[in-house]
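Novice: whatever this is, show me its structure:
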Amino acid sequence: MYVMPEKQSVPSGCKEAVVAIGNFDGVHLGHQKLIEAAEQQAKKLGKPLGVLTFEPHPRSLFRPDEPVFRLSSPAWKARLLKGLGVQYLDVAPFDRDLAGLEAEEFVRRILVERLAVSHVVTGYDFHFGRGRKGSPDTMRKLGEKYDFGVTIVDQVTDDDGVAPFSSSAIRTALRRGHVQKAATQLGHWWSIMGTVVKGDQRGRTIGYPTVNIALEPGCEPHEGIYAVRVRLAYKGAKEIWNGAGYIGYRPTFDTDRLFLEVFIFDFDDDVYGQELIVEFIDFIRPDKKFDTIEALLEQMKTDCDEIRVKLEKLHENNPVKNHPLGALQVTGEL
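Specialist: Predicted coordinates for the structure are as follows:
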């Protein structure tokens with residue numbers, strides 16, 4: 001997948017693409033339906049498939065003191081989009097200049113002059129331009145004016161036709177520790193991709209050495225212990241390890257920082273400075289403070305025993321295996 005340099009015009013090989021537009025946080029099943037519609041249109045027209053998205057999240061610009069719980073970092077989002085067959089990705093910087101463009105000016109400057117689109121695909125609720133005044137109907141009219149096609153994808157719901165897929169609903173599920181419910185809406189395991197940083201190495205002294213990954217501001221899943229799968233993030237790395245993941249402030253040790261720590265089973269490699277992907281498979285228990293280190297160790301052994309059993313049985317009931325991105329996670333190809 002070609003990632004366009006910031007604010008440069010699209011290269012010749014990507015011109016006249018069919019472009020799906022949106023924030024795509026989490027790349028959930030609703031987003032995937034939209035990209036599928038764009039892919040079908042691209043095949044029909046014999047054109048490349050592109051995605052236009054925005055960074056940072058618009059709320060970060062308008063309400064900088066309220067960090068957003070991002071379901072996917074920019075790097076992880078790009079990886080998910082690549083897994084869906086997107087051929088080029090344009091990440092437009094969402095700044096005051098872009099936010100201040102009138103709807104038609106956005107279309108003319110970004111879609112027509114910069115990207116030279118042949119067709120645009122958006123969701124039914126996509127609004128754009130200054131004050132979010134541009135609507136799907138606006139996009140259709142501007143498509144006619146500037147000679148590009150427009151497809152608007154209706155709201156996508158679950159198999160019962162009741163619950164719409166939404167990033168907000170997935171965030172709520174994760175805040176409650178319902179990672180499997182989140183996975184059924186994402187179509188893949190909710191994951192954190194990040195670089196291993198040095199911790200205080202206390203885990204080594206108690207027999208549970210962990211790897212530590214810094215969490216982005218606003219990341220707020222339910223604090224506690226999770227069953228996780230872990231792998232290296234570099235291209236071609238397919239080996240997957242099981243482990244126990246912890247998100248919290250380590251109340252037993254009176255710390256004041258939110259951590260993601262992972263004790264990887266049967267693993268003793270030095271991965272400091274490397275990028276890992278941690279897939280959250282199930283929630284085990286909430287965080288709690290222990291009176292003694294011995295009590296903590298006893299609980300950790302119980303947690304790890306439970307996690308091993310759950311992950312060994314994952315193949316029997318894997319809610320994501322029949323979705324494109326979930327299938328790639330199962331094989332370690334995502």
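
Novice: list the contacts of residue 124.
Specialist: With contacts defined as C-beta atoms under 8 Å, 6 or more residues apart in numbering, the neighbours of residue 124 are 136, 152, 153, 154, 155. Where you see a C-beta, it was placed from the backbone N, CA and C, and this is true even at glycine.

Novice: what are the phi and psi values at the closest residue to the last one other than its chain neighbours?
Specialist: By the measure of C-beta to C-beta, 6 or more residues apart in numbering, the closest residue to residue 155 outside its immediate chain neighbours is residue 164, 5.1 Å from it. When read as degrees, to the nearest 10, the backbone of residue 164 gives phi -70, psi 140.

Novice: what residue, apart from its backbone neighbours, is nearest residue 166 spatially?
Specialist: Nearest in space to residue 166, with sequence neighbours left out and distances taken as C-beta to C-beta, 6+ apart, is residue 30 at 6.9 Å.

Novice: is it correct that the residue nearest to residue 155 is in contact with residue 31?
Specialist: No. Contact criterion C-beta atoms under 8 Å: residue 164 and residue 31 do not qualify, at 12.0 Å.

Novice: domains for this protein, by residue range?
Specialist: Domains of the chain are assigned by automatic domain parsing as 2-153, 189-331.

Novice: most tightly packed of those?
Specialist: Among these, ranked by average contacts under mean count of other C-beta atoms under 10 Å, first place goes to domain 2-153 (a mean of 18).

Novice: starting at the chain centroid, how far to it?
Specialist: The chain centroid and the centroid of domain 2-153 are separated by 16 Å under C-alpha atoms, centre = their mean, to the nearest Å.

Novice: quote the end-to-end distance of it.
Specialist: 25 Å (C-alpha to C-alpha, to the nearest Å).

Novice: circling back to that earlier point, pick out the shakiest of the domains of the chain, pLDDT-wise.
Specialist: For those, mean pLDDT drops lowest on domain 189-331, to a mean of 88.

Novice: distance between that domain and the chain's centre?
Specialist: Here the centre of domain 189-331 is set off from its chain's centre by 17 Å, with C-alpha atoms, centre = their mean.
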